[in-house]
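Engineer: have a look at this prediction, sequence included:
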Amino acid sequence: MKITLEIVIEMTSLSVNKLASPIVQRMISDSELLGISVTETEEGTTIIDAGLHASGGIEAGRLMTEVCLGGLARVNIQTRMYGSYGLPIIYVNTDKPLISLLGSQFAGWNIKVGEFRALGSGPARALALKPKHLYNSIGYEDESDNAIIALETSTLPNEEVISKIALDCGVDENKLTIIIAPTSSLAGSVQVSGRILEVGLHRLINLGLDGSSVLSSHGFSPIAPVHPDARKAMGRTNDMIIYGGVAAFSVSENDDKSLKTLLEAAPSSSSSEYGRPFFDIFKETGYDFYKLDPGLFAPAVLCVNNVKTGSVFSVGEVNLDLIKRSIS
């Protein structure tokens, strides 16, 4: 990915951990209203349970999504009819797409400590530089004495896990906040659908889009009804983006023809595995993500406005039938 010096200078003046801290403080202050629990370890690490043992809820998931976006995006919840189903939808917009979506929200930290496994996302990644090649490509790293990480897991982290995260982030354990929500929770379902723009931008860049040309983005995705089975919950949450997610980007590109060609390969419908509920596809691989077509992990619809030419392109479509099949 190419990136200009001016953008690097602007981005390095922003601290996603510091910008997300007021949102975390709001979650802590309103914990009873949000249905979340807040505890502190002996070493002073703050643990926010947004759906593991606590009930959590939509608002907890909305705030968790804003935290994962490093305080650089706005998140709202609405309702939309999908046939006879009235589903909540999550709407996200950001004018700092590279840093908020890839530099913070992207679930790029695969945490493995002993038997503990979790996907880590959020501002702390920009301190630990996980994965490093991504941060090298976008020219960003954070400087902060506090770290905030969101873990998608069904197990509470022990002291060994917490110590590892703090060490990788270069902060004291009493400056670390961990937010936990499994996929099979309401807050977890909300924050997964809240990745609609991250999924879209990641797909476009993998296809060759210059990330530094992306000026702003907005989009929405239906939020999956909760399922207690973790794998089926994963299937539903992926289906919401693959078959119902809409991501729009404003870019500054010189060549409309190349942009249009790239975009046509971007929606989930371009994948050979498109057309069935994600759980069914995943089950056939033996639940092995590496056997899945990466092209499936994309929004149903992508729209691009090239501000240099005024052109607007849109590809893909919302698949109402697959949304209904996924949740019925």
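Structural biologist: Thanks, I have the structure now. Numbering: from 1, shown residues only.
Engineer: C-alpha from now on. contacts and neighbour counts both.
Structural biologist: Will do.
Engineer: tell me how far stretch 276-294 lies from the chain's centre.
Structural biologist: How far stretch 276-294 lies from its chain's middle: 20 Å, per CA atoms, centre = their mean, to the nearest Å.
Engineer: and it, what's its mean pLDDT?
Structural biologist: Here stretch 276-294 scores 92 as its mean pLDDT.
Engineer: can you dump the C-alpha atoms of it in CSV for me?
Structural biologist: Only the C-alpha atoms of stretch 276-294 are listed here, as CSV (Å, rounded to 0.1, in the frame of the first residue of the first chain):
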residue,chain,number,x,y,z
ARG,A,276,-25.2,-20.6,1.2
PRO,A,277,-25.2,-19.8,4.9
PHE,A,278,-21.7,-19.3,6.2
PHE,A,279,-22.2,-22.0,8.8
ASP,A,280,-22.8,-24.7,6.1
ILE,A,281,-19.7,-23.6,4.2
PHE,A,282,-17.6,-23.5,7.3
LYS,A,283,-18.7,-26.9,8.5
GLU,A,284,-17.7,-28.5,5.2
THR,A,285,-14.1,-27.2,5.7
GLY,A,286,-13.9,-28.9,9.1
TYR,A,287,-14.2,-25.4,10.7
ASP,A,288,-10.8,-24.4,9.1
PHE,A,289,-10.7,-20.7,8.1
TYR,A,290,-7.7,-21.3,5.9
LYS,A,291,-9.7,-23.5,3.6
LEU,A,292,-12.3,-20.7,3.0
ASP,A,293,-12.1,-18.5,-0.1
PRO,A,294,-10.9,-15.0,1.2
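Engineer: local confidence estimate at residue 1?
Structural biologist: 43.
Engineer: use 759 as the first number for this chain going forward.
Structural biologist: Okay, residue one is now 759; in that scheme the one you just asked about reads as residue 759.
Engineer: contacting residues around residue 918?
Structural biologist: Each residue near residue 918 by CA atoms under 8 Å, 6 or more residues apart in numbering is listed here: residue 871.
Engineer: report the buried residues of the helix or strand where it lies.
Structural biologist: According to DSSP states H and E, residue 918 maps onto helix 917-927. Residues of helix 917-927 classed as buried by neighbour count (16 or more other CA atoms under 10 Å): 919-921, 923-924, 927.
Engineer: what does stretch 1044-1058 give?
Structural biologist: Neighbour-count burial for stretch 1044-1058, counted by 16+ other CA under 10 Å, picks out 1050, 1053-1058.
Engineer: any chance of TSV for these, columns secondary structure and distance to residue 851?
Structural biologist: Shown next, in TSV, are those (DSSP: H, G, I helix; E, B strand; the rest coil; distance: CA to CA, whole Å):
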residue	secondary structure	distance to residue 851
1050	coil	29
1053	helix	23
1054	helix	23
1055	coil	20
1056	coil	17
1057	coil	15
1058	coil	17
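Engineer: of the residues you listed, which is the nearest to residue 889?
Structural biologist: Proximity of the buried residues of stretch 1044-1058 to residue 889 was ranked by CA to CA; the top entry is residue 1055 with 18.7 Å.
Engineer: mind putting the buried residues of stretch 1044-1058 into TSV with distance to residue 975?
Structural biologist: Shown next, in TSV, are these (distance: CA to CA, whole Å):
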residue	distance to residue 975
1050	27
1053	20
1054	21
1055	18
1056	15
1057	13
1058	16
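Engineer: what is the most widely separated pair among these?
Structural biologist: For the buried residues of stretch 1044-1058, the farthest-apart pair by CA to CA is 1050 and 1058; their separation is 17.0 Å.
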